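Asker: Just a sequence and a predicted model for now, questions to come.
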Amino acid sequence: MRGIRTAILIAALIVGATPHIGRAYDALLSSSFDVDRPINDSEAARFLQQATFGTTREDIAHLRAAGYEGWLTEQMAATPSLEMPYLEWFSQSGTPYQQERVEAWFFHALGAQSLIDPGTVHRDQLRQRMAFVLSQLFVISDRLALIGREPEATTSYYDLLISHAFGNYRDLLEAVTLHPAMGNYLSMFRNRAPVPELNIRPDENYAREILQLFSIGLTHLHMDGSQVLVGGQTVPTYDQDTVRGFAHAFTGWNWHACANWDWCSPDWIAPMSPMPDYHDADAKQLLVYDGVQLPGGVLPAGGTAQSDLSAALDSVFYHPNVAPFVARHIIRQLVTSNPTPAYIGRAAAVFANDGTGVRGNLAAVVRSILLDPEARYGQFQNPLTFGKPREPLLKLTHLWRAMHASAASHRLKEWNPELSLYQAPLRAPSVFNFFSPTYSPVGELSGMGLVAPEFQLLTDSGLTAQTNEFGRDIYYAYMGNPSNDDDDIVLDLSEDMPFAAVAEALVLRYDTLLLGGTMSVTLHDVLIERLSAITPATSSDYLRERVQEALYLIFVSPDYAVQQ
């Protein structure tokens, strides 16, 4: 392992990947380090940017002490922070809406102190980050649907993702399928057997999306995520008969414990219940692939709503596409938009078998993805293609976590982040999420065959709104500003101001904390020039202004736009 690290860093020095590689290389050669531990703060910061909602100084120190494996074990064993208790607590004094759900999300994303139990701090960063990843795979939204008026629906759905974040994909798939929020959002709720004389047919919405978006995609894949080609053409994973078969398999489900198909009191939390009289018990066409348990993929007649649903989900779960499809999604969300086929293949192999014969173990998959050599050293191995655009919402949580943001009221009333960031939890404009996983901006990236999904949010208006948002947060929302209201979420700049006395010291500090040691020479020189121009002669509060200038210029820089 030491030899691998050394070779990678030497290669990086040769190509000049970053101006600070030399320091990392010196540290590497002069230390007898544990291969499980980051060799320096920058390496720790890069890992934490992939695995959390933003790096903090405290987390860097803890990771270096615990090591990668120790930190992952701690995170996976940490008590899950659920959102529903916050809504229940809030309902004692008011009526919760979707804004309180978003507030609960921010409490957990920031790792803030609980309002319900002031002695409790939310520490399950990796679980929360994984839940956010899953929310962009199994998409529902509080936009343009009945669930938008039901915060319990979206809140309990997100808690489902939190609870299953390190569980088995098959269990998660069934929990998602039967949650009333998904049932309502994609029309599976009260989907009934056909009645031709009344022109009633099962709705195909959920059947289509579980295949296309949640599990296998449109074409057959090799284990490394590359497309299977026959005669130079891709091979479809399913056809309309398959969609129809799944739609019929998913019939006969209604509100939990409902006795009347057409009406009963809605339960937005408990899983939907089967109603046998409304289930289609005829034979159904499911998926066809090598090793399929059903001959020709046909589910025989005579099944119940539960048995047919289970068979349909098994048909999905054992499809060979699921492993590379899910692995690639998680890699793209956490680590890099353009993973090598070998990286996808390694993660997909863990999905297929976690080493104990278990398929779909998400904890094992996440662990393998974060500890993979490409995640740890991809910025040196593939400097031109490695990395991912930072999501606007994650930029905000990173800023707030790094600068220990809080409000005097102890609330986090950032209720509508989509107004400036074009992104908010469970608020995508459609089931296709905030951005397409195959989006490639026209120009150099598309010419190289690379994707940059998150850049789809960077329209002219979106980029301007985002830039203005960070300007407000950094220049006005800081502790000590007399114009702050009690509910304003403000940055604590005090810890960094002593470093601002020496411009180079502040720049190096932020290079580690915010960029994981990947700052370019260009940005470094711009920062030094700008900070050096702010002196006691130009400002009586020049230390604070230096901190603010450094933060703003980094957060709107091309360097920060891409997570390395």
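Answerer: Received it, and whenever you're ready, just let me know what you need.
Asker: When you work out contacts or count neighbours from here on, use the C-alpha atoms and nothing else.
Answerer: OK.
Asker: what packs against the longest helix that the chain contains?
Answerer: Longest helix in the chain by number of residues (criterion: DSSP state H): helix 57-77. Packing partners of helix 57-77 (3 or more CA pairs under 8 Å, 6 or more residues apart in numbering; DSSP states H and E): helix 41-51, helix 125-135, helix 362-371.
Asker: So what sits opposite residue 298 in the bridge?
Answerer: Using DSSP bridges, the beta-bridge partners of residue 298 come out as residue 285.
Asker: ok, so what distance separates it from residue 280?
Answerer: With distances taken as CA to CA, to the nearest Å, residue 298 is found 14 Å from residue 280.
Asker: quick one, which of these two is more surrounded?
Answerer: Higher neighbour count among residue 298 and residue 280: residue 280, with 25 against 17, using other CA atoms under 10 Å.
Asker: I'd guessed the more buried one sits against residue 253; true?
Answerer: No: counting by CA atoms under 8 Å, residue 280 stays clear of residue 253, with 11.1 Å between them.
Asker: Mind listing the shared neighbours of those two?
Answerer: Applying CA atoms under 8 Å, 6 or more residues apart in numbering, one finds that residue 280 and residue 253 are jointly contacted by 192, 305.
Asker: who's in contact with the residue nearest the centre of the chain?
Answerer: The centroid of the chain falls nearest to residue 133 when counting by CA atoms, centre = their mean (2.6 Å). Residue 133 sits next to 330, 333-334 when contact means CA under 8 Å, 6+ apart.
Asker: ranges for the helices of the stretch 451-564 of the chain?
Answerer: For the stretch 451-564 of the chain, the helices defined by DSSP state H, counting those that start in this stretch occupy 460-475, 503-515, 521-532, 542-555, 558-561.
Asker: Out of the ones you listed, which is closest to residue 422?
Answerer: Of all the helices of the stretch 451-564 of the chain, helix 460-475 sits nearest to residue 422, with 6.7 Å by CA to CA.
Asker: what's the angle from that closest one to helix 542-555?
Answerer: 160 degrees (axes from the mean of the first three to the mean of the last three CA atoms, to 10 degrees).
Asker: Give me the average confidence score over helix 460-475.
Answerer: In this model, helix 460-475 has an average pLDDT of 95.
Asker: Flag every buried residue along that helix.
Answerer: Buried residues in helix 460-475, defined by neighbour count with 16 or more other CA atoms under 10 Å: 462-463, 465-467, 469-471, 473-475.
Asker: farthest-separated two in those residues?
Answerer: With CA to CA as the measure, no two of the buried residues of helix 460-475 lie farther apart than 462 and 475, at 19.9 Å.
Asker: need the strands for the chain, in chain order.
Answerer: Secondary structure of the chain by DSSP state E: the strands cover 229-230, 233-234, 253-254, 273-274, 284-285, 298-299, 388-389, 562-563.
Asker: what pairs with the first one, and is each one parallel or antiparallel?
Answerer: Right, strand 229-230. In the sheet, strand 229-230 lines up against strand 233-234 (antiparallel) (DSSP bridges).
Asker: Mind listing residues that contact the partner strand?
Answerer: The contact list for strand 233-234 (CA under 8 Å, 6+ apart) reads 219-220, 227-228.
Asker: cool, stretch 54-67 as well?
Answerer: With CA under 8 Å, 6+ apart, stretch 54-67 has contacts from 36-38, 40-41, 44-45, 48-49, 71, 394-395, 397-399, 401-403, 513-514.
Asker: Keeping just the C-alphas, turn it into PDB.
Answerer: Below are the C-alpha coordinates for stretch 54-67, written out as PDB (Å, rounded to 0.1, in the frame of the first residue of the first chain):
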ATOM      1  CA  GLY A  54     -19.100  19.000   4.700                       C
ATOM      2  CA  THR A  55     -15.700  19.000   6.400                       C
ATOM      3  CA  THR A  56     -15.100  20.400   9.800                       C
ATOM      4  CA  ARG A  57     -11.800  20.700  11.700                       C
ATOM      5  CA  GLU A  58     -13.100  18.500  14.500                       C
ATOM      6  CA  ASP A  59     -14.100  15.700  12.000                       C
ATOM      7  CA  ILE A  60     -10.600  15.800  10.400                       C
ATOM      8  CA  ALA A  61      -8.900  15.300  13.700                       C
ATOM      9  CA  HIS A  62     -11.300  12.500  14.700                       C
ATOM     10  CA  LEU A  63     -10.900  10.700  11.300                       C
ATOM     11  CA  ARG A  64      -7.100  10.800  11.600                       C
ATOM     12  CA  ALA A  65      -7.300   9.300  15.100                       C
ATOM     13  CA  ALA A  66     -10.000   6.700  14.300                       C
ATOM     14  CA  GLY A  67      -8.800   5.700  10.800                       C
END
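Asker: pLDDT (mean, whole number) over it?
Answerer: Here the average pLDDT along stretch 54-67 is 98.
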